[in-house]
Every structure is written in structure tokens, then in C-alpha cells.
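Enquirer: Would you be able to build a 3D model of this:
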Amino acid sequence: MDVKEAVGIAKGYVIDLFAEEAITHVALEEVVFDEPSGDWKVTIGFTPRWNQFNAALTSALGNGHPDSRNRSYKVVRIRDLDGRVISLTDRLLVPSND
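Expert: Modelled structure (predicted):
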């Protein structure tokens, strides 16, 4: 599988899994291929329903980009051999000292 296939699987999985949560702004954040395990680790970010108002307000008042504190990030681990999703975990951001 190539990067585009892994990203497509990960985005589709997150959209489907969180369909009842009415998430928005689903986007690719990061892709890593783990050579030793043969797995793709694809980070997908999205805005949960309960943060959508805050994200819209922050975007309107700021520079047009949603604040990362209003987003959730999930790492979808996909087996390269068969394209099977094997895990979904939280990706916690480390606050910057800006």
C-alpha cells in the first residue's frame, strides 16, 4: 500500500467510527510508516461537535485557522500487508512554551 491508500483508509475509518458524533474539519495531520512492525501510523485531526462553536469563534477572531485546543487527534494504525485497521489511539499534543 502507498501513503495515499493508508490516509484514505484512516480518514474513512475515523469518519465512519465517529459518524454519530457529527465531527467536522477532518484532516490529515501526520503519516509515519513503522518499518519494524510494517504498520502505518496515520494521525487524523477533527473538530468534535462539542467544540465546533469554539473552533468557529477562534477561527473568526484569529487568523482563520482553528485552534488546535479545539481539535481532537487520533492515530490510526493500519497493517500494510492487508490494509486492516489494528488500533485507534489518542494523539496528545504537548503544549508549546510560546
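Enquirer: Tell me who's in contact with the residue nearest to Tyr13 when sequence neighbours are not counted.
Expert: Spatial nearest neighbour of Tyr13, chain neighbours left out: Val85 (5.2 Å); criterion: CB to CB, 6 or more residues apart in numbering. All C-beta atoms are positioned from the backbone trio N, CA, C, and that covers glycine. Applying CB atoms under 8 Å, 6 or more residues apart in numbering to Val85 gives the contacts Ile9, Ala10, Tyr13, Val76, Arg77, Ile78.
Enquirer: Please repeat the previous calculation with a cut-off of 10 Å.
Expert: Contact partners of Val85, counting by CB atoms under 10 Å, 6 or more residues apart in numbering, are Ile9, Ala10, Gly12, Tyr13, Val14, Leu17, Trp40, Val42, Val76, Arg77, Ile78, Arg79.
Enquirer: What is the longest strand anywhere in the chain packed up against?
Expert: Scanning the chain for the strand with the most residues, using DSSP state E, yields strand 24-34. Packing partners of strand 24-34 (3 or more CB pairs under 10 Å, 6 or more residues apart in numbering; DSSP states H and E): helix 3-17, strand 39-47, helix 52-61, strand 72-79.
Enquirer: Ranking helices and strands of this protein by mean pLDDT, which lands last?
Expert: Every helix and strand in the chain was compared by mean pLDDT, DSSP states H and E; the lowest is helix 52-61, with a mean of 51.
Enquirer: Write the PyMOL selection for whichever of the contacts of Val85 are buried.
Expert: Entered in PyMOL, the line below selects the buried ones among the contacts of Val85, by 16 or more other CB atoms under 10 Å:
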select buried, resi 9+10+13+14+40+42+76+77+78
